[in-house]
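**Student:** just the structure for this:
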Amino acid sequence: MSLAERVQQQTGIPYALLDGRFDAIAATYRKLGELTGRQNDSEKLARYADDTIKTTTGRIAAIEASARPRVYYARGPRGLATGLGGSINVETIEMLARNVAGGNQGGLANVSIEQVLLWNPDVIVTIDQEFAASVRGDPAWSAVKAVRDGRVHLSPKMPFGWVDFPPSVNRLIGLWWLAKILYPDKFPEDIRALTRDFYSMYYHRTPSDAQIDHVLAGRD
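**Tutor:** Here you go, the predicted model:
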């Protein structure tokens, strides 16, 4: 018996298990709308999700997989935890680029600096402020192409991570953020305006300029 079924038996409250995969966000919102009787509200959010995925992936559809940037996703203060191929933690990265750790399927995994050196990614995306602040001065990382080229990017994470931590609906605005980093010539949109619109729609709060600065800086 699943945990959800046990909780239902104990509380008498019905449950629904919803798909947490990134490409299921729109369907999840539509199901939530049915369950709560708020189809009009949920449809707006679902349509935004559909449009975001369609637009961002559509603009790079003509770029061969082999020509896309090679990205390493760094977690933890040392940057040596990452998402393997198919991990929910790197879904947006794998939509737009090549995950250097994608050769093996799985979830989160610890790796060595030697392995990162062998992968030699073009871009590093991290959610850890400590790692982002220290990696450029760390001799162990100095030979990595992304570090040499200044292409280490700290992901926003307020109120939830834009790439992961946890892998939530914030990945929608994160997809725009990542697309602009990887393909700036194909995504001329203003990330500040996109951020303001996303937070207004999904959290019913319109952030000030100072709050947007705080979010985009990747601060807690």
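**Student:** list the contacts for the residue nearest to Ser87 when sequence neighbours are not counted?
**Tutor:** Computed as C-beta to C-beta, 6 or more residues apart in numbering, the closest residue to Ser87 that is not its neighbour in sequence is Gly107, at 5.0 Å. All C-beta spots, glycine's among them, are computed from the backbone N, C-alpha and C. Residues near Gly107 by C-beta atoms under 8 Å, 6 or more residues apart in numbering: 83-84, 87-89.
**Student:** now which of the residues you listed would you call buried?
**Tutor:** Among those, those classed as buried by 16 or more other C-beta atoms under 10 Å are 83-84, 87, 89.
**Student:** and those, which two are the farthest apart?
**Tutor:** Leu84 and Asn89 (8.9 Å; C-beta to C-beta).
**Student:** what about the helices in this protein?
**Tutor:** When assigned using DSSP state H, the helices of the chain occupy the ranges 3-11, 25-36, 39-59, 91-96, 113-119, 129-134, 145-148, 171-182, 191-203, 209-216.
**Student:** and stretch 203-211, end to end?
**Tutor:** 14 Å (C-alpha to C-alpha, to the nearest Å).
**Student:** now do the contacts for the residue nearest the centre of the chain.
**Tutor:** For the chain, the residue nearest the mean C-alpha position is Val163 (1.8 Å; C-alpha atoms, centre = their mean). Neighbouring residues of Val163 by C-beta under 8 Å, 6+ apart: 73, 89-90, 92-93, 125, 127, 155, 171, 174, 178.
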